[in-house]
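Participant: curious how this folds, go ahead:
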Amino acid sequence: MHHTLEVRDLRFAYPDGSEALRGATLSIAPGEKAALVGPNGAGKSTLMLHCNGILRPSSGSIRVCGLEVHDGSLGKVRAAVGLVFQDPDDQLFSPTVFEDVAFGPLHMGLPAPEVRQRVARALEAVAMTAYADRVPHHLSVGEKKRITIATVLSMDPEILVLDEPSAGLDPRARRGLINLLHSLPQTMLASTHDLPLVRETFPRTLIMDQGRIVADGPTDALLRDKALLEAHGLEMP
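Facilitator: This is a model prediction of the structure:
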C-alpha cells in the first residue's frame with residue numbers, strides 16, 4: 001500500500017535566502033486525517049504549496065498517491081490533491097457558484113453532462129446545492145469556505161490539503177465546517193492554529209517548527225503535553 005502523501009527531507013529557501021523548509025519528512029496513509037500545527041513561520045503554508053507543485057523544493061522529494069511531483073506529473077498530482085487556501089477569495093472568481101465549482105472539471109476536458117454531475121455531487125457534499133446560481137462574492141465567509149471545498153471536491157481528489165480551514169468563521173459556521181470535515185471520506189492534511197478543531201476532527205497531529213516536523217503522534221497525547229506545546233509556541237486547548 002502506498003502512502004497518499006510522502007514527503008522526504010524536503011528543503012526549500014525563498015529567493016531572499018530565508019529557509020522555510022529544513023528537511024521536513026512526513027507520510028500520510030490513505031484515509032488518514034492529520035493536522036499540521038506550529039507557530040507562525042514554521043513552514044506550514046510553504047509545505048502545503050509543495051503538495052501540488054505550486055512551489056518546488058531545493059532538495060528532497062514529495063510523492064502524491066505514488067507519483068513523484070515534477071513537471072511531467074503536475075496534471076495528475078493536481079487532480080489528486082485538492083488544495084484549499086486560507087482565504088476563499090483567492091479561489092473564487094467566477095460570476096456564479098456553479099461556474100466556480102465547474103472550473104476544474106471543465107479544465108480536465110470532461111464532457112458537459114459529467115461536469116454538471118460533478119458540480120451537483122460536490123455542492124451536495126458541502127450542503128450548498130441551493131447556491132448554484134448565487135454570486136460567490138456576496139456569500140458569508142462560512143458559505144465561501146464550503147464553496148471553496150466544493151471547487152476541489154469536483155475534481156474528485158484523493159487528498160484534501162487545507163490551510164487554516166476555520167479562519168474567519170463564526171461559531172456556527174465553524175461547527176458546520178467540523179461536521180463537514182468529519183463527513184468527507186478523503187485523506188486530509190490541515191494546517192491550523194485552531195487546536196480545539198484539531199482535537200475534535202483530526203486523530204493525528206504533526207507539530208512543525210523551524211521548517212521540520214518535530215513531533216508526530218495521536219492528537220490526544222500531543223495536545224495534553226504542555227511542555228511540548230509550549231516549546232513550540234502553542235498553548236494547550
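
Participant: where do the strands sit along the chain?
Facilitator: For the chain, the strands defined by DSSP state E cover 5-13, 19-28, 33-37, 59-64, 67-68, 81-84, 159-163, 187-191, 204-209, 212-218.

Participant: now do the last one: everything it contacts.
Facilitator: Contacts with strand 212-218, where a contact means CB atoms under 8 Å, 6 or more residues apart in numbering, come from 21-26, 38, 43, 203-208, 222, 228, 232. All C-beta atoms are positioned from the backbone trio N, CA, C, and that covers glycine.

Participant: just the buried ones among those, please.
Facilitator: Neighbour-count burial (16 or more other CB atoms under 10 Å) is assigned, among the contacts of strand 212-218, to 21, 24, 26, 38, 43, 204-208, 222, 228, 232.

Participant: still on that earlier bit, adding distance to Asp170, write the strands of the chain out as CSV.
Facilitator: Formatted as CSV, the strands of the chain follow (distance: least, CB to CB, whole Å):
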stretch, distance to Asp170
strand 5-13, 31
strand 19-28, 30
strand 33-37, 21
strand 59-64, 34
strand 67-68, 39
strand 81-84, 19
strand 159-163, 18
strand 187-191, 19
strand 204-209, 25
strand 212-218, 30
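
Participant: for stretch 82-93, what is the average pLDDT?
Facilitator: Stretch 82-93 comes out with an average pLDDT of 94.

Participant: straight-line length of it, end to end?
Facilitator: Terminal residues of stretch 82-93 are spaced 17 Å apart (CA to CA, to the nearest Å).

Participant: what does it contact?
Facilitator: For stretch 82-93, contacts defined as CB under 8 Å, 6+ apart pick out 45, 48-49, 51-52, 54, 100, 136-137, 141, 144-145, 147-149, 151-153, 155, 157, 159-165, 167, 186.

Participant: taking the residues you listed, please make a ChimeraX selection of just the buried ones.
Facilitator: Entered in ChimeraX, the line below selects the buried ones among the contacts of stretch 82-93, by 16+ other CB under 10 Å:
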select :45,48,49,51,52,100,136,144,145,147,148,149,151,152,153,155,157,159,160,161,162,163,164,165,186
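
Participant: how about the buried ones among the contacts of strand 212-218 in JSON lines, adding distance to Gly82 and pLDDT?
Facilitator: Compiled in JSON lines, those are given as follows (distance: CB to CB, whole Å; pLDDT from 0 to 100):
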{"residue": "Leu21", "distance to Gly82": "21", "pLDDT": "97"}
{"residue": "Ala24", "distance to Gly82": "21", "pLDDT": "97"}
{"residue": "Leu26", "distance to Gly82": "18", "pLDDT": "97"}
{"residue": "Gly38", "distance to Gly82": "22", "pLDDT": "96"}
{"residue": "Gly43", "distance to Gly82": "21", "pLDDT": "95"}
{"residue": "Arg204", "distance to Gly82": "19", "pLDDT": "98"}
{"residue": "Thr205", "distance to Gly82": "21", "pLDDT": "98"}
{"residue": "Leu206", "distance to Gly82": "19", "pLDDT": "98"}
{"residue": "Ile207", "distance to Gly82": "24", "pLDDT": "98"}
{"residue": "Met208", "distance to Gly82": "21", "pLDDT": "97"}
{"residue": "Leu222", "distance to Gly82": "26", "pLDDT": "97"}
{"residue": "Leu228", "distance to Gly82": "30", "pLDDT": "96"}
{"residue": "His232", "distance to Gly82": "28", "pLDDT": "96"}
